[in-house]
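J.: dropping the sequence and predicted coords here.
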Amino acid sequence: MKTARLEQLQTALTQAGLDAVAINPGPTLTYLTGVSFHLMERPIVLLVLRDQEPVLVLPEFEMTKAARIPFKVNAFTYGENPAEWGGVFKKAVMSLGLDGKKIGVEPRQMRLLEFNHVRGGAPGAEFPDATEALASLRLRKDESEIGAMRHAVKVAQAALEAILPSINVGATEREIANALSMELLKNGSDAELPFAPIVCAGPNSADPHATPSDRRIERGDLLLVDWGAATDGYISDLTRTFAVGEVEAEWKKIAQIVFEANRAGCAAGRPGVPCASVDKAARAVIEQAGYGQYFTHRTGHGIGMEGHEEPYMRGDNMRMLYPGMAYTVEPGIYLAGRGGVRIEDNVVVTKSGVEVLSDMPRELRLVG
């Protein structure tokens, strides 16, 4: 028995000129099998070929999980003695006749641990990058996936709204981030958040990927919050910027510019236009306002089972948008040593344009 996702992968392998692909625990393996395996010290690898039954190498005690995979696999199991693992992997890989063949891997996911075990059974094989072939499977979301992301957005928005009244001058970035994490779980996020919330104030908000610190927020600060939830394995990723009391007039001006850039970026997405158009539309607003050099990152990235996946909203990315693709639109302006503003929304391409999944107010709201 095959599933549609397995058949799509086998077709993708043929189109990419790959004989097989080796997949270890992570989003792609979960997507294909519907089962979540741990990435741990015990290696697990699924080997999928174009025209043979997949082979799964895993610990003996994980066979209860393997039984839930919706398609037939040939399982090779090992015990707790690491000295035996290499032999089991070698036997599994050799059973497929992959020596001298092209075995695709995901460079961002495949560890040296699993790679060496697979190579042990096929020392003459090539191991090309299979990122594009695998990304094509998850690139266009179906209604159930979009529904999960919609729910993740609602959970995230409700969680932040719940803690906003309690944010006061003197609270630390870390305290606010911890409170937000707890609220995300209370509102229904999966136990594993997509990423730790970014909460940064004052000069720290000029760092797009700041880590919450023990700095206490002060009146006149900008407070930037980048956060998300996960529901049924799919994520949301949002950013809003707040004013802690009255802020400088320039920050109000910048917040309005970023708001307009966000709107332009969202409006630019539709079927048949390149990802580059989204980036260029948002960036043009900021450049025309004289702050182009302070928008230092791409306009967005794909979202789904991972926080960062295809497609990427870069000015040089000519990949076309099609219905079902989901991504962020997150322009920002960052003045080093002073502060920054970012507004991030989640969108899905529809048949005629895009649906913006997030609707939390984007204006510079007052807190504290």
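T.: Thanks, I have it.

J.: ok, which stretches of the stretch 151-300 of the chain are strands?
T.: In the stretch 151-300 of the chain, the strands defined using DSSP state E, counting those that start in this stretch lie at 198-201, 222-227, 230-231, 234-235, 238-244, 300-302.

J.: contact partners for Ala92?
T.: The contact partners of Ala92, taken as CB atoms under 8 Å, 6 or more residues apart in numbering, are 47, 55, 57, 76, 121. Placement of C-beta: from N, CA and C, glycine included.

J.: if you set the cut-off to 10 Å instead, what comes out?
T.: Taking CB atoms under 10 Å, 6 or more residues apart in numbering, we find Ala92 in contact with 45, 47, 55-58, 74-78, 98, 117-118, 121.

J.: and what about it, helix, strand or coil?
T.: Taken by DSSP: H, G, I helix; E, B strand; the rest coil, the conformation at Ala92 corresponds to helix.

J.: for His308, give me its contacts.
T.: Remark: with contacts taken as CB under 10 Å, 6+ apart, His308 is in contact with 108, 194-195, 237, 300-302, 328.

J.: check these for burial and list the buried ones.
T.: With neighbours counted by 16 or more other CB atoms under 10 Å, the contacts of His308 contain buried members at 194, 237, 300-302, 328.

J.: hmm, Ala20 is touching Ser95, no?
T.: No: between Ala20 and Ser95 there is no contact, the gap being 12.0 Å when judged by CB atoms under 10 Å.

J.: circling back to that earlier point, mind giving me the PyMOL command for buried ones among the contacts of Ala92?
T.: To isolate in PyMOL the members of the contacts of Ala92 that are buried, counting by 16+ other CB under 10 Å, one can use:
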select buried, resi 45+47+55+56+57+58+75+76+78+98+117+118+121
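
J.: on that earlier part again, any chance of the buried ones among the contacts of His308 in a markdown table, plus distance to Glu218 and pLDDT?
T.: As requested, these are arranged in a markdown table below (distance: CB to CB, whole Å; pLDDT from 0 to 100):
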| residue | distance to Glu218 | pLDDT |
| --- | --- | --- |
| Pro194 | 29 | 97 |
| Asp237 | 27 | 98 |
| Gly300 | 31 | 98 |
| His301 | 32 | 98 |
| Gly302 | 36 | 98 |
| Thr328 | 29 | 98 |
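
J.: show me which pair in those is furthest apart.
T.: For the buried ones among the contacts of His308, the maximum inter-member distance is 15.2 Å, found between Pro194 and Gly300 (CB to CB).

J.: spatially central residue for this protein, please.
T.: Centroid-nearest residue in the chain, with CA atoms, centre = their mean: Gly307, separated by 1.6 Å.

J.: and the gap between it and Asn187?
T.: Counting by CB to CB, to the nearest Å, the gap from Gly307 to Asn187 is 18 Å.

J.: same check, this time on Leu164
T.: Distance of Leu164 to Asn187, given as CB to CB: 14 Å.

J.: hey, what's in contact with both of those two?
T.: The contact sets of Leu164 and Asn187 do not overlap (CB under 10 Å, 6+ apart).

J.: what number of residues lie near Glu344?
T.: As a burial measure, the neighbour count of Glu344 was computed by other CB atoms under 10 Å and equals 24.

J.: quick one, what contacts it?
T.: With contacts taken as CB under 10 Å, 6+ apart, Glu344 has the following neighbours: 225-228, 236-241, 262, 299-300, 328-332, 358, 362.

J.: three-state assignment of the residue nearest to the centre of the chain?
T.: The three-state label for Gly307, taken from three-state DSSP, comes out as coil.

J.: phi first, then psi, for the closest residue in space to it that isn't next to it in sequence.
T.: For Gly307, ignoring the flanking residues on the chain, the nearest one in space by CB to CB, 6 or more residues apart in numbering is Pro194 at 4.8 Å. The main-chain torsion angles of Pro194 are listed as degrees, to the nearest 10 and equal phi -60, psi -30.

J.: Glu80 versus Pro194, what's the distance?
T.: The separation that Pro194 has from Glu80, given CB to CB, amounts to 32 Å.

J.: the helix or strand of the chain with the lowest mean pLDDT packs against which elements?
T.: Across the helices and strands of the chain, mean confidence by mean pLDDT, DSSP states H and E is lowest for helix 131-138: a mean of 92. Packing partners of helix 131-138 (3 or more CB pairs under 10 Å, 6 or more residues apart in numbering; DSSP states H and E): helix 4-16, strand 20-23, helix 27-33, strand 103-104, strand 309-313.

J.: give me the angle between the longest one and helix 131-138.
T.: Put simply, helix 4-16 runs at 150 degrees to helix 131-138, going by axes from the mean of the first three to the mean of the last three CA atoms, to 10 degrees.

J.: how about helix 4-16: buried residues?
T.: By 16+ other CB under 10 Å, the buried positions in helix 4-16 come out as 5-6, 9-10, 12-13, 16.

J.: out of those residues, the closest to Ala135 would be?
T.: Taking CB to CB as the measure, Ala135 sits nearest to Ala12 out of these, at 9.4 Å.

J.: burial measure for Met360, as a count.
T.: Applying other CB under 10 Å, we find 16 residues neighbouring Met360.

J.: so it, which state does it fall into?
T.: Looking at Met360 with three-state DSSP, the answer is coil.

J.: touching, it and Val155? I think so.
T.: No: using CB under 10 Å as the test, Met360 is too far from Val155 to be in contact (11.9 Å).

J.: so what's Thr350 up against?
T.: By CB under 10 Å, 6+ apart, Thr350 lies in contact with 146, 269-271, 323-324.

J.: the residues you listed: which two are farthest apart?
T.: Maximum pairwise distance among these (CB to CB): 16.3 Å, between Ile146 and Arg270.

J.: circling back: next, format the contacts of His308 as a markdown table and append distance to His209.
T.: What follows is those, written out as a markdown table (distance: CB to CB, whole Å):
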| residue | distance to His209 |
| --- | --- |
| Arg108 | 17 |
| Pro194 | 14 |
| Phe195 | 10 |
| Asp237 | 13 |
| Gly300 | 15 |
| His301 | 13 |
| Gly302 | 18 |
| Thr328 | 14 |
